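Enquirer: pasting a predicted model and its sequence here:
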Number of protein chains: 2
Amino acid sequence: MIGQDTACCPGLASAPLDEDQAAELAKVFKALGDPVRLRLLSMIASRGEGGEVCVCELTPAFDLSQPTISHHLKLLRQAGLIDCERRGTWVYYWVLPAALDRLAVFLKAPTAVEALA
Amino acid sequence: MIGQDTACCPGLASAPLDEDQAAELAKVFKALGDPVRLRLLSMIASRGEGGEVCVCELTPAFDLSQPTISHHLKLLRQAGLIDCERRGTWVYYWVLPAALDRLAVFLKAPTAVEALA
């Protein structure tokens, strides 16, 4: 599981990544490298911080089976981008904003502060 | 080719992506979803804006053949993240910072400005 540790990696442009850092980050970007998963993530994220979405609201937006959608959601969860909880019949999903922010910071040009650290 | 158009997509959290936006962005994230490509990109990006790297400096950092490295560089180029130019024997690579910034903006929480747009 990734996403809790926001201090994993230097910015992309601040120093070459080592093999471990690259392997860890590649897993997260790979999870984002699929149109269905990107759409699922944006549907969940657009509920805003603290918002959540029932899987029963996600599935009808796609021409895919429930198990396929669940599989894509599992990959997003394993990448540390979302989390979920079962309540009764349904599973509810929400984003982990720190994981998204960490990727955004990683992709941005290095700041003077990072250069000093 | 992606990366020139920085106004393609709303922020991840500002509205659900449509299918075309998701397909376009997924290609870029897929290019990032590999440890060798992430290391190559960070080696190129850490030269700073306007900096460039000869492929002859990239290959020795990996236990991979020159054609394999060239293939990974081609995928990064097709995703609009880097560009290159041949000069004599060697090809020189540089990052396209606007493409990276665009991804960073996409992943960040929506700002008040975006909400008004």
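Expert: Nice, I can see it.
Enquirer: quick one: the strands in chain A?
Expert: With DSSP state E as the criterion, chain A has strands at A:53-54, A:82-87, A:90-95.
Enquirer: now do residue A:51, the pLDDT please.
Expert: For residue A:51, the pLDDT comes out at 88.
Enquirer: what's the spacing between it and residue A:40?
Expert: 14 Å (Cβ to Cβ, to the nearest Å). For every residue, glycine as well, the C-beta is placed using N, CA and C.
Enquirer: what does residue A:106 give?
Expert: Distance from residue A:106 to residue A:40, by Cβ to Cβ: 22 Å.
Enquirer: could you export the strands of chain A as a markdown table, including mean neighbour count?
Expert: Formatted as a markdown table, those follow (neighbours: other Cβ atoms under 10 Å in any protein chain shown):
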| stretch | mean neighbour count |
| --- | --- |
| strand A:53-54 | 16 |
| strand A:82-87 | 15 |
| strand A:90-95 | 19 |
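Enquirer: could I get these as TSV with distance to residue B:27?
Expert: TSV is the format used below for these (distance: least, Cβ to Cβ, whole Å):
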stretch	distance to residue B:27
strand A:53-54	25
strand A:82-87	22
strand A:90-95	22
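Enquirer: dump the residue contacts of the spatially most central residue of chain A.
Expert: Centroid-nearest residue in chain A: residue A:81, 2.5 Å away (criterion: Cα atoms, centre = their mean). Applying Cβ atoms under 8 Å, 6 or more residues apart in numbering or on different chains to residue A:81 gives the contacts A:3, A:28, A:31, A:32, A:41, A:95, A:96, A:99, A:100.
Enquirer: same thing but at 7 Å, please
Expert: Residue A:81 makes contact with A:3, A:28, A:31, A:41, A:95, A:96, A:99, A:100, according to Cβ atoms under 7 Å, 6 or more residues apart in numbering or on different chains.
Enquirer: model confidence for it, exactly?
Expert: Confidence score, pLDDT, at residue A:81: 96.
Enquirer: try residue A:7
Expert: 52.
Enquirer: comparing residue A:51 and residue A:40, which residue is more hemmed in?
Expert: More crowded of residue A:51 and residue A:40, by other Cβ atoms under 10 Å in any protein chain shown: residue A:40, with 28 against 13.
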